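>>> sequence-free structure coming up:
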């Protein structure tokens, strides 16, 4: 009896890297993107900031306007109702990065395969850095796509026929970080080596409407529609607020000292160390924590690797929360507001009961009840040594959460 071949799934990750056009975004978003290498034969510097004219890679079709009267993502990209227009729509003020792969002669979003013992989020940041020469950090999650490996370079990918070897790609919104921020996070994130010219030989910056015409693959155009959907949620202003639960601590019954001095175990330390690789993907520049030892130990190595100090928040200890839950929430909310005002992505390390109490308040800030359900309502709320990335935007009624990502370390 013959045996059927096992389907092999290749995991990959990437993202849509965006930037504000010159003079269109906040000063804090203005970064020098220029890669001072020689231009290629087309006259476009590899990694340069000049936009190119859209290529002829287009299927000539766009989705019809939504029957609900609301703007569909494809309407927005193609200049339909409520989309790119001369009235100052935000999509007119941003540019997206697209790369050319000579092996397939295609234009696509920067992406690549996961290395052994690497998470998808880490691969996304690393691969985009390798293919564009720009250090980046993750934004809100966009979605994923799967297609047969045999259709890697095809214009139309049959995403429903996955009986053969399959490529599964996850995508994020991505923005560049400053050279100083990149230097500080290098020890925590690890090395990023520039892609060979045989892999990526050109990159261009285009408006979303131009990008839709330039992209070769139907799946990449689908991801662009999801990106536009996120932009319409306000995602260009989103910052990550990373809630970290401390690593596994010594058992209370066995510990001889005070609860405040109860440390993490060697296994907890391994998870905390591995979590550094994941936290670095979001580039937190403000590190805050309960002053109790197990929380400080969880962020200590990341603090040392990045040279960023830890700020202790007395209101977030277990005892302080038990005495005054309202004060703990006021402390956390003030950290979110401070992050938005200063544009400083933040990581905050807390204890299980405190996290549970904070989740009750944070659900009320979520853009939808469905999103709020990702903040689990029962103990233990989240595993030890893990994080939750909450993407927050400012709003007329205060901060609003538009995306939540679970962040689990890979311990091997």
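All right, it came through fine. Computed from a predicted model, the values in this text were never measured in an experiment.
>>> any low-confidence regions in the protein?
1-6, 26-88, 150-163 (pLDDT under 70).
>>> the helices in it, which residues?
Applying DSSP state H to the chain gives helices spanning 73-78, 120-132, 179-189, 208-214, 218-233, 266-279, 293-306, 318-323, 325-342, 352-363, 369-372.
>>> Give the other helices and strands that the fifth one contacts.
Packed against helix 218-233 by the contact rule (3 or more Cβ pairs under 8 Å, 6 or more residues apart in numbering; DSSP states H and E) you find strand 9-20, helix 73-78, strand 94-101, strand 136-148, strand 166-176, helix 208-214, strand 400-407. (C-beta placed from N, C-alpha, C; glycine too.)
>>> Equivalent analysis for the third one, please.
Helix 179-189 is packed against helix 120-132, helix 266-279, helix 293-306, with contacts defined by 3+ Cβ pairs under 8 Å, 6+ apart.
>>> again, but for the last one
Where contact means 3+ Cβ pairs under 8 Å, 6+ apart, helix 369-372 is packed against strand 400-407.
>>> what about residue 242, distance to residue 295?
Look at residue 242 and residue 295: by Cβ to Cβ, to the nearest Å, they are 13 Å apart.
>>> higher neighbour count, the two?
Comparing residue 242 with residue 295 by neighbour count (other Cβ atoms under 10 Å), the higher total belongs to residue 295, at 30 against 21.
>>> Grab the most central residue of this protein for me.
What sits nearest the mean C-alpha location of the chain, by Cα atoms, centre = their mean, is residue 138, with 2.5 Å.
>>> so what's that residue bridging to?
Beta bridges link residue 138 to residue 174 when assigned by DSSP bridges.
>>> picking up where we left off before, the helices and strands packed on helix 179-189 into CSV, with extra columns for distance to residue 406?
What follows is the helices and strands packed on helix 179-189, written out as CSV (distance: least, Cβ to Cβ, whole Å):
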stretch, distance to residue 406
helix 120-132, 10
helix 266-279, 10
helix 293-306, 17
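>>> deepest of those helices, which one?
helix 120-132 (a mean of 23; mean count of other Cβ atoms under 10 Å).
>>> For that one, enumerate the helices and strands it packs against.
Checking 3+ Cβ pairs under 8 Å, 6+ apart, helix 120-132 ends up next to strand 9-20, strand 94-101, strand 111-113, strand 136-148, strand 166-176, helix 179-189, helix 266-279.
>>> contacting residues around it?
With Cβ atoms under 8 Å, 6 or more residues apart in numbering as the contact definition, helix 120-132 has outside contacts at 11-15, 17, 47, 97, 99, 110-115, 118, 134-138, 170-172, 174, 189-190, 192-195, 199-200, 203, 277-278, 280-281, 405, 407.
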